[in-house]
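Visitor: Sequence and computational prediction follow.
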Amino acid sequence: MSLKLIIKDALGIITIDREKSLNALNKQVLKEILKTLNKFIKSNDVKVIFITGSGDKAFIAGADIKEMSKLDPKSASNFVELGQELMNTIENSPKPVISIINGYAFGGGCEIALACHIRLAGDNAIFAQPEVKLGLIPGWGGTQRLPRIVGKGIANEMIISGKQIDAKEAYRVGLVNKVYKKETLMSEAIKFAKNILNNGPNAVSKSLSLINDSSFLKLEKGLKKEAKVFSSLFDNSETKEGLDAFLNKRKANF
Ligand code: CAA
């Protein structure tokens, strides 16, 4: 197992544990993350999921270049499909998935972060899509998710130059939601997650799904879907509890 797993106070933490390779992702690790993620999504004990890397140098330094160097077009197709299945599972997770970026987030590492709903970075985080330096292109969603998050201009610049950007610049271009001192990254991330954990899990899940839809639905269709989901909530015990708690000046018990 190349992962360390913790479940505590409704938080499921997945730590990639390949510090010597800067947490680079080979096929086996991709499969392990995918399996764990699906387990956490089903588990009643987990409401928010963190993905992070072990050590203080790297979040994830990308796909495993040693393993990739042995690929041919057929095995590369399997490899890229597996990676994309993981990224899609993260993005479509009904529970929030947050990347805790504690160092290098290069290539596939940056792409995992991009697939997450929220990105929290340490002040030592460095981002790059350096695939072109290897004669490659991003294969786990970089060409599609990066422009949707930072806009085409910045995405073009990052992907065709392969240049590195630090946490401050990543925050400036909207690539990360927050930057914390690296020493307090995990404790701040846990505080951040508590704000989500206090809310109605069904409402959180429905919101994530609608926001995902906004990247491919026409506005009119998206609004119709939003109105339909909004109305359906009035038949839901979670919503009744939330409204009743407010009116009775008490904390909701979701
Ligand atoms: N795959 C495999 N091993 C990796 C790796 C990777 N992506 N990144 C780092 N490592 C290994 C190094 O080979 C080295 O191992 P050895 O000690 O056995 O030589 C170890 O991790 C430490 O790395 P460095 O000595 O290079 O550490 P550094 O501090 O000098 O540099 C770095 C850090 C700038 C991140 C540098 O390691 C680097 O540039 N790594 C490659 C990053 C990269 O190109 N990622 C994209 C991969 S392609 C991809 O991800 C495709 C996709 O979209 C799916």
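Guide: Okay, I see it. Numbering: from 1, shown residues only.
Visitor: What is the neighbour count of the closest residue to the ligand within the stretch 101-250 of the chain?
Guide: The minimum distance from the stretch 101-250 of the chain to the ligand, using Cβ to the nearest ligand atom, falls at Gly107 (2.5 Å). (Glycine included, C-beta is placed from N, CA and C.) Applying other Cβ atoms under 10 Å, we find 28 residues neighbouring Gly107.
Visitor: for the record, mean pLDDT for stretch 67-81?
Guide: Across stretch 67-81, the average pLDDT comes to 97.
Visitor: So what are the structural domains in the chain, by residue number?
Guide: 3-197, 201-247 (automatic domain parsing).
Visitor: quick one: the residue of the stretch 101-250 of the chain closest to the ligand and Pro130 touch, right?
Guide: Yes: using Cβ atoms under 8 Å, Gly107 is in contact with Pro130, at 6.1 Å.
Visitor: intersection of neighbour lists for the two?
Guide: Gly62 (Cβ atoms under 8 Å, 6 or more residues apart in numbering).
Visitor: picking that back up, what sits against the residue of the stretch 101-250 of the chain closest to the ligand?
Guide: So Gly107 contacts 61-63, 128-131, 138, 142 (Cβ under 8 Å, 6+ apart).
Visitor: Could you check how far the residue nearest to it when sequence neighbours are not counted is from Lys35?
Guide: Nearest non-adjacent residue to Gly107, counting by Cβ to Cβ, 6 or more residues apart in numbering: Gly62, 2.9 Å away. Computed as Cβ to Cβ, to the nearest Å, the Gly62 to Lys35 distance reads 21 Å.
Visitor: Which one's more surrounded, those two?
Guide: Using other Cβ under 10 Å, the more surrounded residue of Gly62 and Lys35 is Gly62, with 28 against 12.
Visitor: Could you check the pLDDT of Met1?
Guide: Met1 is given a pLDDT of 84.
Visitor: wait, isn't Gly122 in contact with Ala167?
Guide: Yes: the pair Gly122 and Ala167 passes the contact test of Cβ under 8 Å, sitting 6.8 Å apart.
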